[in-house]
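Q: one predicted model, sequence on top.
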Amino acid sequence: MFRVVTNTVIICERGRMHKIDFGPWLQTDIEARKWAAYFEKTGLYDTVSLQSNGQTGAAHGFDEDEISR
């Protein structure tokens, strides 16, 4: 299973903070990549990446838990 992780730097009273959002788990990497592409196009996030829980990663040829975009 895969999910999209977004990271944004927010400037507030205490200074700069990172806001990290973990999306819901999706069944396929294809579906997760489509959502990641959508979030990247919005321009609202500093980074957008995919994360795998390892259950289907080997079947798709991925060795690492996180796939950078």
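A: In hand now; what should we look at?
Q: can you pull the pLDDT of residue 39?
A: Note for residue 39: predicted pLDDT of 96.
Q: can you report how many residues neighbour it?
A: When neighbours are defined as other C-beta atoms under 10 Å, residue 39 has 19 of them. For every residue, glycine as well, the C-beta is placed using N, CA and C.
Q: can I assume it sits in a helix?
A: Yes. According to DSSP: H, G, I helix; E, B strand; the rest coil, the state of residue 39 is that of a helix.
Q: quick one: it from residue 45, how far?
A: Applying C-beta to C-beta, to the nearest Å, the value for residue 39 to residue 45 is 6 Å.
Q: can you check which residues contact both of those two?
A: When contacts are counted by C-beta atoms under 8 Å, 6 or more residues apart in numbering, the set common to residue 39 and residue 45 consists of residue 6.
Q: residue 26 contacts residue 33, doesn't it?
A: No. Proximity of residue 26 to residue 33 does not meet the contact threshold set by C-beta atoms under 8 Å, at 9.5 Å.
Q: what residues sit buried inside the longest strand seen in the chain?
A: Across the chain, the strand with the greatest residue count (assigned by DSSP state E) is strand 2-12. Buried positions in strand 2-12, judged by neighbour count with 16 or more other C-beta atoms under 10 Å: 2-6.
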